[in-house]
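Chemist: sequence plus the predicted model coming up.
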Amino acid sequence: MELSKVALEIFSKLEQKWLYHYEGKNTRLLSIGGGGTTGIVAGAALVHLENQIQEKTADSNARITDFFDIDVGTGIGALLVAMFIADDGSGRPLFLTREAINFLNL
């Protein structure tokens, strides 16, 4: 079997198992790249997105991860995701996006 068919088969099975486990619900994926200026741009965009989420929902406690089902990243993006999903002990994210960006000096 050629490589592209194997890859397609693997990803099809992953989609069926993980991405479509909710009947009638789309899965929202937050994917953050990292490295160099990409991390800086991603950080600025994420701060803006979280601010917009808080403004639109009128909830100052809303966090970016409240609106995504799966959060992933590479490089600095992986560190940001880890900080976004870190639990404060009460089931809520420990860091605001701006706090995570400032901590990582982006």
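Modeler: Noted; the coordinates are in hand.

Chemist: CA atoms for contacts and neighbours, from now on please.
Modeler: Fine.

Chemist: relative to residue 85, how far out is residue 71?
Modeler: 8 Å (Cα to Cα, to the nearest Å).

Chemist: who touches both of those two?
Modeler: residue 65 (Cα atoms under 8 Å, 6 or more residues apart in numbering).

Chemist: confirm that residue 72 sits in a strand.
Modeler: Yes - per DSSP: H, G, I helix; E, B strand; the rest coil, residue 72 lies within a strand segment.

Chemist: can you get me a residue count around the closest residue to it other than its chain neighbours?
Modeler: Spatial nearest neighbour of residue 72, excluding adjacent residues (Cα to Cα, 6 or more residues apart in numbering): residue 31 at 4.9 Å. By the criterion of other Cα atoms under 10 Å, residue 31 has 15 neighbours.

Chemist: what is the end-to-end distance of stretch 87-95?
Modeler: 9 Å.

Chemist: hang on, the earlier thing: did I read that right, the residue nearest to residue 72 in a helix?
Modeler: No - under three-state DSSP, residue 31 falls outside any helix and is assigned strand.

Chemist: what's near enough to touch it?
Modeler: Residue 31 sits next to 71, 72, 73, 77 when contact means Cα under 8 Å, 6+ apart.

Chemist: among those residues, which one sits closest to residue 40?
Modeler: Checking those against residue 40 with Cα to Cα, the nearest one is residue 77 at 10.1 Å.

Chemist: pull the CA atoms of the stretch of helix or strand that closest one belongs to into PDB?
Modeler: Per DSSP states H and E, residue 77 falls inside helix 76-85. C-alpha atoms of helix 76-85 as PDB (Å, rounded to 0.1, in the frame of the first residue of the first chain):
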ATOM      1  CA  ILE A  76       6.500  28.000  21.900                       C
ATOM      2  CA  GLY A  77       2.900  27.200  20.900                       C
ATOM      3  CA  ALA A  78       3.100  24.000  23.000                       C
ATOM      4  CA  LEU A  79       4.300  26.000  26.000                       C
ATOM      5  CA  LEU A  80       1.400  28.400  25.500                       C
ATOM      6  CA  VAL A  81      -1.100  25.600  25.300                       C
ATOM      7  CA  ALA A  82       0.300  24.000  28.500                       C
ATOM      8  CA  MET A  83      -0.100  27.300  30.300                       C
ATOM      9  CA  PHE A  84      -3.600  27.800  28.900                       C
ATOM     10  CA  ILE A  85      -4.900  24.500  30.100                       C
END
